[in-house]
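Chemist: how does the following fold in three dimensions:
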Amino acid sequence: MSKNGNPNPTVVRTSRGLTVGGTRLTIYQLMDHFKAGHSDRQIQDWYRLTAEQVADIHRYIDEHDGEVEAEYQEVLRLAEENQRYWEARNKDRIEQIERLPKSPLQQAIRAKIAELKRKLDLQ
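Modeler: Numbers count the residues shown, from 1 in each chain. Down below sits the predicted model:
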């Protein structure tokens, strides 16, 4: 137990939800990585976390599984809702931009992307 009485000193509840103490990193962001199958070592390297912090996070998630999963699903729902809102709000502007003439560099980049997509679809 930490000196502030929290049995898990790494995971704290803030106005942003469950976060890694002393950071803006939410547990929900890390859950995306856990669910994607990224290794603890990768997550430690990407976010500069210690092995102890990652172990604390796993322990907290295991001990509060239902609650954390419900919050995570709500975060995903809100993110999807937010994305739909902004896509709808910016639809006309995005279409305007797409109609603008493309520079040779933009054309070359788009051609490379199309080729990579084609290759990936064949595999």
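
Chemist: which strands and helices sit next to the helix or strand residue 30 falls within?
Modeler: Using DSSP states H and E, residue 30 falls within helix 27-36. Contacts defined by 3 or more CB pairs under 8 Å, 6 or more residues apart in numbering; DSSP states H and E place helix 27-36 against strand 17-20, helix 40-47, helix 51-63, helix 65-99. In short, each C-beta sits where N, CA and C put it, glycine included.

Chemist: got the contact list for it?
Modeler: By CB atoms under 8 Å, 6 or more residues apart in numbering, the list of residues contacting helix 27-36 from outside reads 11, 17-20, 42-43, 46-47, 57-58, 60-61, 68, 71-72, 75.

Chemist: what do you get for stretch 9-19?
Modeler: The contact list for stretch 9-19 (CB under 8 Å, 6+ apart) reads 2, 6, 20-21, 24-28, 52-53, 56-57, 60, 68, 71, 75.

Chemist: emit the PyMOL select command for whichever of the residues you listed are buried.
Modeler: To isolate the buried members of the contacts of stretch 9-19 in PyMOL, using 16 or more other CB atoms under 10 Å:
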select buried, resi 20+21+25+26+27+28+53+56+57+60+68+71+75
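
Chemist: show me the residue at the heart of the protein, geometrically.
Modeler: Among the residues of the chain, the one closest to the centroid is residue 29, at 4.3 Å (CA atoms, centre = their mean).
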